[in-house]
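Okay, here's the prediction I keep looking at, along with the sequence it came from:
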Amino acid sequence: MENSGLISFEDHTINHRALTGLSFATTMLELSNSKKMLEAETGRTVNFIAYPDGASNLRVQTEAWETGFVSGFGTWGGKMFGPGMNLPRVRVYGSESLAVFASRL
């Protein structure tokens with residue numbers, strides 16, 4: 001799928017734990033280990049992170065930036081106006097039809 005050029009796999013951490021409740025050291029391990037693992041699997045640089053549960057704060061966003069992420073995504077609604085470390089993202093629910101999902105874009 002990655003090689004099709006239609007999609008790219010980006011980061012979501014190793015253990016899907018809310019990063020805001022973790023220590024600095026544990027957060028850095030979650031971010032750096034998952035980034036390295038995904039880069040090794042795909043053979044390309046991983047630039048984006050979707051924070052688990054959409055949870056981030058300034059500390060987590062700074063740590064993500066320092067780990068080498070270009071941008072990060074929360075789960076709040078809205079439109080994207082430029083680069084940042086807490087951009088909106090559309091949640092995907094497996095129970096929704098394609099029409100319902102498309103209506104939220």
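That came through fine. Predicted model only: the values in this text are computed from it and were never measured.

Run through the helices of the protein in chain order.
Secondary structure of the chain by DSSP state H: the helices cover 24-42, 58-67, 98-103.

want to try a markdown table for these, with mean neighbour count as columns?
All C-beta atoms are positioned from the backbone trio N, CA, C, and that covers glycine. Below are these laid out as a markdown table (neighbours: other C-beta atoms under 10 Å):
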| stretch | mean neighbour count |
| --- | --- |
| helix 24-42 | 15 |
| helix 58-67 | 17 |
| helix 98-103 | 9 |
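
between these, which one is nearest to residue 52?
Of all these, helix 24-42 sits nearest to residue 52, with 8.6 Å by C-beta to C-beta.

List the neighbours of the closest one that are in contact with it.
2, 8-15, 17, 19, 22, 45-46, 49, 59-60, 63-64, 67-69 (C-beta atoms under 8 Å, 6 or more residues apart in numbering).

Show me the residue sitting in the middle of the protein in space.
Geometric centre of the chain, nearest residue: residue 50, 1.6 Å, by C-alpha atoms, centre = their mean.

before we move on, the earlier item: give me the ChimeraX select line for the contacts of helix 24-42, limited to the buried ones.
Applying 16 or more other C-beta atoms under 10 Å to the contacts of helix 24-42, the buried members can be selected in ChimeraX as follows:
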select :10,11,13,14,19,22,46,49,60,63,64,67,69
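
List the ones among the contacts of helix 24-42 that fall in strands.
Counted as lying in strands by DSSP state E, out of the contacts of helix 24-42, are residue 49.

related to what we said a few turns ago, okay, the helices of the chain in TSV with distance to residue 89 and mean pLDDT next?
As requested, these are exported to TSV (distance: least, C-beta to C-beta, whole Å; pLDDT from 0 to 100):
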stretch	distance to residue 89	mean pLDDT
helix 24-42	17	96
helix 58-67	14	95
helix 98-103	13	83
